[in-house]
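Engineer: Quick one, what's the 3D model for this:
(chains A, B and C)
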Amino acid sequence: MLRSIVVALAGALLAAGAHAQTIKIAILGPMAFVQGENHWAGAEMARDQINKAGGINVGGRKMMIELVRGDTNEMQSVSDATNTVERVVTRDKADFLIGGFRSEAVLAMQEVAMDYKKIFLGAGAAHSKLGINVEQNYDRYKYWFRVTPPKDVDLVRTTFAVLATVADQIRKQLGKPSPKVAILAEKAVWVEGIVAASQKNLPAMKMEVVGLWQPSAVATDVTAELAAIDRAGADIVFTLLSGPVGIVVGRQMGERNMKAIAFGINVEAQKDAFWQAAAGKANYVSTLDTYAEVQMTPKTIEFVRAFKERFGKAPTYNAGTHDAIQLLKTAIEQAGTTDADKLVPVLEKLSFVGAAGVIEFDKRHDPVWGLGKSTGIAVQWQDGKKVPFWPPQVPGMQSFKMPAR
Amino acid sequence: MLQDILVTGLVNGGVYALLAIGFSLIFGVARIVNIAHTAFYMLAAYCFYALLVKANLGFVLSAVIAVGAVTLVAVVCYRLVIEPVREHEAAVLIATIALALIFQELMLLTFGGHYLGIPSTLEGVVRVLGVSIPYQRLLILVVAAAALTLVWFVLYRTRLGLAIRATANDLEVANLMGMNVNRVAMATVAISVALAAVAGVVVAPVFVVDPFMWLAPLVTMLAIVVLGGLGSLKGSLIGALIIGYVEAITVFALPAGAYLKGAVALLIMVAVLLARPEGLFGVAFEEER
Amino acid sequence: MYLLRRGWAELKNEVFVLPSRTLVLAWVVALLALPAVYGDAYVLRILTMTCLFAIFAASWDLLAGYTGQVNFGHALFFGAGAYTSALLSLRLGVSPWVTIWAGAAVATLVGVFVGYLCLRLRGSYLSLATLAFPLIALGLLFAFPGFSGGELGISGLRRLALTPMANYYIAAVSMLAIVFALWKLAGSKFGIVLHAIRDDEVAARASGINTPRYKLAVFAVSAAAAGFAGALLAHYIRIAGPSSLEVALSFQVVIWGIFGGVATIYGPVAAVFLLYPLTEWLGSFRAVGELRLLAFAVIVLLVLLFMPRGLAPWVRDRIEAQCPRCKQRNGAWKRLCRLCGAPLKAEVARAQRLVGHQ
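Structural biologist: Below is the predicted model:
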């Protein structure tokens, strides 16, 4: 009896002692879905890498990273997500928060994190409001930094850059001076700005906009839209899709043997499971993406290969939690402390070479966009493989293919 | 464009008819609003996927086993979960909701939350009236028509069908006449869920399969059944065609408003209900005392 | 002094005589005293949300249990309150303390509108029609994203109070006030008329009751309470989004209502207090976390098999008995009725023996 008490006490002391030696990072995401799985996977890789190398050097003391798993259930309930944040901060005593995916939920989660003045690194939501909050109310929101993806406005810039490349290829191959573009955008707030920008800029880029179609993000059938697009004679289908409608578009375009090429933002097409989900029909579908075995930075290929080996599938942009943790480590070691207020100015001036790109933060704490910084890449599905083709000057890029006419 | 609407409306209407008629049957006979109806449709789709893609059993065999298995599961669930609480309408209601949630979560746990694609049974397209229709959709239409004809045959030309119709008409008198009402109810459940399962198997290759795929068809199906009149099979069929066409018209006529097709269908339902509170062909039941 | 003695007399004669009322009193005291004893921010957050959802569930019960209009789209009122309060406080800069009432008012108007449309509908038709309204509203919200924020909703709302404890008290006191008011309403003459309408509307009308007016009134009151809860929740999590109009939320309140026991008001409240923290607690375990919805559904199903009328009626039947003569409730262990003195369990032993011989 006495012995077990002593053992228990020793265990408690040891645990308390061990606790004092770790930095707790909470990974927040919808763990039952691909996004959360990638959040966790990227974080695990970073944690194992750092802990194996001895941990983080906090002002002379070595501390290990301990991950706290926060399943936000944000796909089904925004209030559950806020509860999770509160729990990991008050119960699990997390020091840092990383993750998030659904913009509506992340906006609410941001509020809770800022209440507790915890550094929250975003790894999934693209909505600008998250950064605008920092600019409008710096003292409250300064603890938020977005690591990935680039904010929605910057995603647009990448999209247009790639669109110009694709249009050029069409001009050369088909001899058409002004390719016809059909905009197929899901009905959602995030596309509004892009659609307006496209309608204004594409004619200036010598492309003709032949129409705008807006299915629901969860539409299961786009035959109507595709039939109309066929009739309009489009060469490019400019897709702005984040929901499962992306799969349906890929599959039905393939089934109809459409000659137009699909490019744009198609979040479902970024996933490895896309080819199977579209029953092998979605050839030539192209989209913006984040990771591929190309040398965006010296770390990219190594990271992607290690991820594939450990988890059996390619990383999606949510695995940016890996970069986020590495970035945090650099900042902590530079500042010599884990105190949030002292870390904020260090993070603001940081220039970090991650696996996806070079991460620097602007005054809204969004990643700075630009070639050589964070732009993302563009990939195309060719015969079951996701092939990167943009930016063309990066070593490892392959060429963009068009369906035979 | 007119041809597009004609064809798309017919195909979608056919699918909705499969679901709506099954739902109407159960309601008519057992007075159960089966919220889990489309959940069985989802189960059948997953079963078909598992048998076809994982076990490589071939289309026909996978389809038959999937439909059979789901029907069996439905009958078992009915026996274990619904029958004990038959008298308490409210309890039956949330029992079916709870069942649907259980199926959703089980599929989520087994197959994950991502979207799965099932290869088409028939490849290729055919051009009809200037519209290119994939063979798979024609197959859906043919199967829907065949299933509906079969159901009509069972209901109007067999003794079981007679019993089902009698029970739907007046449960107590049917009981007094010596029909085993419980067994009739179980048979109805079996037929109804079989229809839903057939819909799942035949439609799944065209759509994406995910654990939440039962929610959207549920709402549309409820709209159709209410529109046509609860308990009326003719009403369900006509309602399905109406809603199928309404959705097709919305999508073709208003390309930028395609996301509204669900809301438009529901608006139509509300409009009809305002004019005719029992739906188009529904019978206003005397309050059962 | 007189008040104290009067209060004590009331307590002794009205509350402590019945175990169910004593339980409720204990629960109220616990609810109000909680922050003093256990001030953990996470627990307070869970309980705050529980209180708000309890208001929501109680409002549904008034509508569905008492008049029999089983509403499958109750989230519409919830969302209407949330969005109204959000828009007014964010776009016009009005204080949240004012906008929550505006939210309730707009929800009331929506309630009357829906009620009016559903006047001629009965039973399942009404249920399924009400399912449609939140979805139509969602479609409208998505059609005007500049106004409503589309799928992101309206964020950056101001809190009603700054500390977790203050927010908790706002929610708890609102909940107690509203639930008590609803309970009193349901137990009054108004409530009796509602029962009559549910059981046989034709007979009620034949008796001269203006049933449409009562049905609309119930829709209005129920919607007002739900809208108030929605506005409070929006200001608590600081965002009013399409998640407040979801079908899942409507189904959730139906489950809470029926699980707790329809036509009781306190039943759904008990159900929320039981189920919501339970699912939250389940969700915090890594292994079980992903099973929380499954566990929730299984629990609901199992409980339903044993308590088909709901949890609260089942519990009440265990601890209380009804006097056969004056029909008032007594503690189940008592032998004589506290009001009329009649024996609670009829002595039938001898009579049975007589009958048995024949």
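
Engineer: which residues in chain B form strands?
Structural biologist: B:125-128, B:131-134 (DSSP state E).

Engineer: Let's have these in a markdown table, adding mean neighbour count.
Structural biologist: In this view, the C-beta of every residue, glycine as well, is placed from N, C-alpha and C. Converted to a markdown table, the strands of chain B look like this (neighbours: other Cβ atoms under 10 Å in any protein chain shown):
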| stretch | mean neighbour count |
| --- | --- |
| strand B:125-128 | 12 |
| strand B:131-134 | 20 |
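
Engineer: Out of those strands, the one nearest chain C is which?
Structural biologist: strand B:131-134 (27.7 Å; Cβ to the nearest Cβ).

Engineer: hmm, who's touching the closest one?
Structural biologist: A:227, A:255-256, B:3-4, B:7, B:11, B:120, B:122, B:124-127, B:206 (Cβ atoms under 8 Å, 6 or more residues apart in numbering or on different chains).

Engineer: okay if I get the strands of chain B as a markdown table plus mean pLDDT?
Structural biologist: As requested, those are exported to a markdown table (pLDDT from 0 to 100):
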| stretch | mean pLDDT |
| --- | --- |
| strand B:125-128 | 75 |
| strand B:131-134 | 73 |
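
Engineer: Of those, give the one that comes closest to C:Leu121.
Structural biologist: strand B:131-134 (38.6 Å; Cβ to Cβ).

Engineer: So what are the sheet partners of that closest one and their directions?
Structural biologist: Sheet pairing for strand B:131-134, assigned by DSSP bridges, gives strand B:125-128 (antiparallel).

Engineer: Mind telling me which residue of chain C is nearest chain B?
Structural biologist: For chain C, Cβ to the nearest Cβ, closest residue to chain B: C:Gly139, 2.9 Å.

Engineer: Tell me the buried residues in the host helix or strand of that residue?
Structural biologist: Element membership of C:Gly139 [criterion: DSSP states H and E] is helix C:123-143. Within helix C:123-143, the residues that count as buried by 16 or more other Cβ atoms under 10 Å in any protein chain shown are C:123-139, C:141-142.

Engineer: The residues you listed also near chain A: which ones?
Structural biologist: Contacts with chain A within the buried residues of helix C:123-143, as defined by Cβ under 8 Å from any Cβ of the partner chain: C:Phe142.

Engineer: Redo the contacts of strand B:131-134 as JSON lines? Include distance to C:Ala80.
Structural biologist: Output for those, formatted as JSON lines (distance: Cβ to Cβ, whole Å):
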{"residue": "A:Ala227", "distance to C:Ala80": "38"}
{"residue": "A:Glu255", "distance to C:Ala80": "42"}
{"residue": "A:Arg256", "distance to C:Ala80": "42"}
{"residue": "B:Gln3", "distance to C:Ala80": "42"}
{"residue": "B:Asp4", "distance to C:Ala80": "38"}
{"residue": "B:Val7", "distance to C:Ala80": "40"}
{"residue": "B:Val11", "distance to C:Ala80": "37"}
{"residue": "B:Ser120", "distance to C:Ala80": "44"}
{"residue": "B:Leu122", "distance to C:Ala80": "48"}
{"residue": "B:Gly124", "distance to C:Ala80": "50"}
{"residue": "B:Val125", "distance to C:Ala80": "46"}
{"residue": "B:Val126", "distance to C:Ala80": "49"}
{"residue": "B:Arg127", "distance to C:Ala80": "49"}
{"residue": "B:Val206", "distance to C:Ala80": "37"}
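
Engineer: Now the buried members of those residues.
Structural biologist: A:227, A:255-256, B:4, B:7, B:11, B:120, B:125, B:206.

Engineer: Now the stretch 151-300 of chain A against chain C: closest residue?
Structural biologist: Closest point on the stretch 151-300 of chain A to chain C, by Cβ to the nearest Cβ, is A:Val189, at 3.2 Å.

Engineer: that older thread, so which of the buried ones among the contacts of strand B:131-134 sit within helices?
Structural biologist: Among those, the ones falling in helices (DSSP state H) are A:227, A:255, B:4, B:7, B:11.

Engineer: Just name the lowest-scoring one in the residues you listed, pLDDT-wise.
Structural biologist: Of all these, B:Asp4 carries the smallest pLDDT score, 74.

Engineer: From one end of stretch B:68-87 to the other, what's the distance?
Structural biologist: Using Cα to Cα, to the nearest Å, the end-to-end distance of stretch B:68-87 comes to 28 Å.

Engineer: can you list the residues that contact it?
Structural biologist: B:30, B:32, B:36, B:40, B:43-44, B:47, B:91-92, B:95-96, B:99, B:182, B:185-186, B:189-190, B:193-194, B:196-197, B:200, C:301, C:304-305, C:308.

Engineer: how about a cut-off of 7 Å?
Structural biologist: Stretch B:68-87 has contacts (Cβ atoms under 7 Å, 6 or more residues apart in numbering or on different chains) with B:32, B:40, B:43-44, B:47, B:91-92, B:95, B:99, B:186, B:189-190, B:193-194, B:197, C:301, C:304-305, C:308.

Engineer: Just the mean pLDDT for that stretch, thanks.
Structural biologist: So the average pLDDT for stretch B:68-87 ends up being 89.

Engineer: swap in stretch C:208-219?
Structural biologist: 92.

Engineer: what do you get for stretch A:88-106?
Structural biologist: Mean predicted confidence for stretch A:88-106 is 90.

Engineer: Name the residues of that stretch that come out as buried.
Structural biologist: Buried-residue list, stretch A:88-106, by 16+ other Cβ under 10 Å: A:88-90, A:94-106.

Engineer: just the helices in the stretch 151-300 of chain C please.
Structural biologist: C:164-187, C:189-199, C:201-206, C:211-237, C:247-260, C:266-283, C:286-289, C:292-306 (DSSP state H, counting those that start in this stretch).

Engineer: what's the answer for the stretch 51-200 of chain B, then?
Structural biologist: Assigned by DSSP H, counting those that start in this stretch, the stretch 51-200 of chain B shows helices spanning B:59-77, B:89-111, B:135-157, B:159-169, B:171-176, B:181-203.

Engineer: Relative to C:Ile319, tell me which of these wins on proximity.
Structural biologist: Of all those, helix B:89-111 comes closest under Cβ to Cβ, at 21.8 Å.

Engineer: part of a strand, is A:Ile25?
Structural biologist: Yes: judged by DSSP: H, G, I helix; E, B strand; the rest coil, A:Ile25 forms part of a strand.

Engineer: still on that earlier bit, what separates the helix holding C:Gly139 from the chain centre, distance-wise?
Structural biologist: In this view, helix C:123-143 has its centroid 21 Å away from the chain centroid, taken as Cα atoms, centre = their mean, to the nearest Å.

Engineer: CA atoms only: put that helix into CSV for me.
Structural biologist: Backbone C-alpha positions of helix C:123-143 (Å, rounded to 0.1, in the frame of the first residue of the first chain) are rendered in CSV as follows:
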residue,chain,number,x,y,z
GLY,C,123,-49.3,16.6,-38.8
SER,C,124,-46.5,15.4,-41.0
TYR,C,125,-47.3,17.9,-43.7
LEU,C,126,-46.6,20.7,-41.3
SER,C,127,-43.4,19.1,-40.1
LEU,C,128,-42.0,18.6,-43.5
ALA,C,129,-43.1,22.1,-44.7
THR,C,130,-41.3,23.7,-41.7
LEU,C,131,-38.2,21.8,-42.8
ALA,C,132,-38.2,23.7,-46.0
PHE,C,133,-38.1,27.2,-44.5
PRO,C,134,-34.6,27.3,-43.1
LEU,C,135,-33.3,25.9,-46.4
ILE,C,136,-35.1,28.6,-48.4
ALA,C,137,-33.6,31.2,-46.0
LEU,C,138,-30.2,29.7,-46.5
GLY,C,139,-30.6,30.0,-50.3
LEU,C,140,-31.6,33.6,-49.8
LEU,C,141,-28.6,34.3,-47.6
PHE,C,142,-26.3,32.8,-50.2
ALA,C,143,-27.9,34.8,-52.9
